[in-house]
Every structure is written in C-alpha cells, then in structure tokens.
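Engineer: give me a 3D structure for the following:
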Amino acid sequence: MHRKVYAPGVAALLAALLVGCSSGSDGGAGSEDSKPGDAGSAAAPAEPGKYRTLPEPCGEVEPGTLDAMLPGLKEMEDAEQREKAYEGTPTVTYDTDRRVGCRWKVESSGASHHLLVDFERVVSYDGTVSDDDRAAEVYAKKLRAADLPVPAASDSESPASDADAEEGDKAQGGKKDRSDHGDDDATSTTAPATPPAGLEPRSLDDLGDEAFLNDALTTTGSATRHRTVTVVFRTSNVIVTIEYDEQPGRRTDVPDSKEMQDKAVELADGLAGEFDD
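Structural biologist: Okay, the predicted model is just below:
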C-alpha cells in the first residue's frame, strides 16, 4: 500500500501558519500599548521670557530727568557730593540677574525728594507656565496691593501661583513694593485727602504691556505731609517700578499730585522706550 507523499508539506504549512498567527497576535498587542500620537502628546515647554538680562539701573535715568525730579540737585555746592547724588545708590538684592534697583535722595530747604527705580525679571518655576504669564501674575498682585481692580484675565490666578510668585520674590531679594524713606514711615498714616479728579490711582494705557499709577498722601508723626507717586509697568517678563516721593519742608505744604505724576509717567515712558529699542 502506497504512503501519501504530501504529508510533510502539509505539516510545514501548518507550522508556518501557526508562526504567522503568533506573530500577528504579538504585533496586535504591541499596537495597543503604543497608542498613536503618544510621542507628541507631551506638552511643549513654555516659552522663556523675552528678556534674559536687566539694565544697569543707576545709569538709566538721564541727568536732566534727575534735575527735574530732584530740585536742588544741580545746585549742590560740594562737587563731590553732587556727583555722588547724580550717580545714585544701588539697592541691595540677592540676585542681580533677577532684580536690580537704584535710589536717589536730595534734601533742600524747600523739600526732600526721593526717587527709586526697580527692575524685576520674572522667571517661571513651572515648565508649563511661561515667564510672561508668571510676570503677569506678579503684576496682578501689585495691582491688588494698590487697591486697583485686576483685569478679568488675571482673576484666575491660583493660590499655587501666588506661592510660586512669592518664591520668586525671595530669590530676588524679598518682596518690597514701597521704598524705605526712613523711620518716619513706621508711624505714617494715610491722610484722607485724595488726588483731584482725573489724577486718582488708575491703570495707564500705552505704557508697556500693562501699567498702573498709585498716588498716596501720608502724614508722619511730626504731621509733615509727604506724597508718594508710584508707577508700575510690565513689558514681557520684566516689571518696572518707579517710586517718587516728596516731603515739603513746611508742614502746611502739600506736594502737587499733577506735577509729580507727570514727572513719574514721563520717566516711565522713557524707560519703556529703552526696552522697545
């Protein structure tokens, strides 16, 4: 009786089919594990801020501007003291890559004037939040501290964002939105007088990405009145603060809001223009 000669071929074919089915099954499982688009599903890192460095603050204010804002400066008789007064005094910070400032002070028989210029470069500690967005949150906190309404876009700031911003403040020398004008400030109280209509604290247009002005009249323990005009503006991830203070020599004198505001805003416009160049 003859044997069938095709049996080995059938066995080989079945083996091949089994191998193919096994391979297809493994491939299917692998396809489920590696879902399409996984490689690109991770969020791209947030954009860094436009500015990586800060200007030298004591050199940013022109001598002519100092003459206008600090009466009595150019009349100082001692040439050495006058030169130092023009140069200003750098503020102390822990990280000059992140925060720098300069202050000027001139005392005369008519009044004492102080000027502070502060530059803060905000860096986000969260890879999903851009430096600009974090700077906008820091700016919003300053706006609230001045009792001005925060734009709707900034109302979504979370407690976590506040904590991150405070960490940034620590890295940049600590939070300090007002200049130190001496021990008198410890006993100062806000006077009831408010600036005339149109000169009240407000947001400013056409100055950086966003800006505001604050105007506070205070009375020291000796009943001497002094006015502090503050202009804050943000351009990308840098926040610039200008504080301009006048304390008259006579207790009955009250510093003029419009004159001080005009000078502070003019200086802010000039500084903002330097960033645009």
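
Engineer: low-confidence regions, the stretch 1-150 of the chain specifically.
Structural biologist: Scanning the stretch 1-150 of the chain for pLDDT under 70 picks out the ranges 1-43.

Engineer: in it, which spans are strands?
Structural biologist: Along the stretch 1-150 of the chain, the stretches classed as strands by DSSP state E, counting those that start in this stretch are 89-90, 99-107, 111-121.

Engineer: surely residue 101 touches residue 118?
Structural biologist: Yes. Applying Cβ atoms under 8 Å as the test, residue 101 and residue 118 come out as touching, 3.9 Å apart. Bear in mind the C-beta positions are built from the backbone N, C-alpha and C, glycine included.

Engineer: what's the most buried one of the strands of the stretch 1-150 of the chain?
Structural biologist: When the strands of the stretch 1-150 of the chain are scored by mean count of other Cβ atoms under 10 Å, the highest mean neighbour count falls to strand 111-121 (a mean of 23).

Engineer: could you list the domains of this protein?
Structural biologist: Per the record, the chain has its domains at 7-41, 57-276, by automatic domain parsing.

Engineer: and residue 146, how far from residue 119?
Structural biologist: Noted for residue 146: a distance of 19 Å to residue 119, by Cβ to Cβ, to the nearest Å.

Engineer: hmm, back to that, between residue 101 and residue 118, what contacts are shared?
Structural biologist: 57, 91 (Cβ atoms under 8 Å, 6 or more residues apart in numbering).

Engineer: and residue 237, how many neighbours?
Structural biologist: By other Cβ atoms under 10 Å, the residues close to residue 237 number 25.

Engineer: look up phi and psi at it.
Structural biologist: For residue 237, the backbone dihedrals are phi -100, psi 20 (criterion: degrees, to the nearest 10).

Engineer: need the contact list for it.
Structural biologist: By Cβ under 8 Å, 6+ apart, residue 237 lies in contact with 49-51, 121-123, 131-132, 134-135.

Engineer: nearest residue to it other than its sequence neighbours?
Structural biologist: Of all residues not flanking residue 237 in the chain, residue 49 sits nearest, at 2.8 Å (Cβ to Cβ, 6 or more residues apart in numbering).

Engineer: bridged to residue 90, which residues?
Structural biologist: Bridge pairing for residue 90 (DSSP bridges) gives the partners residue 102.

Engineer: separation between residue 122 and residue 147?
Structural biologist: Separation of residue 122 from residue 147 (Cβ to Cβ) stands at 22 Å.

Engineer: compare the two (neighbour count), which wins?
Structural biologist: Ranked by neighbour count (other Cβ under 10 Å), residue 122 and residue 147 place residue 122 first, with 26 against 8.

Engineer: wait, isn't that one in contact with residue 140?
Structural biologist: No. Using Cβ under 8 Å, residue 122 makes no contact with residue 140, being 11.8 Å away.

Engineer: for the nearest residue to residue 70 once chain neighbours are set aside, list the residues it contacts.
Structural biologist: Leaving out its chain neighbours, the residue that sits closest to residue 70 by Cβ to Cβ, 6+ apart is residue 106, at 4.2 Å. If you count contacts by Cβ under 8 Å, 6+ apart, residue 106 has them with 70-73, 76, 85, 112-113.
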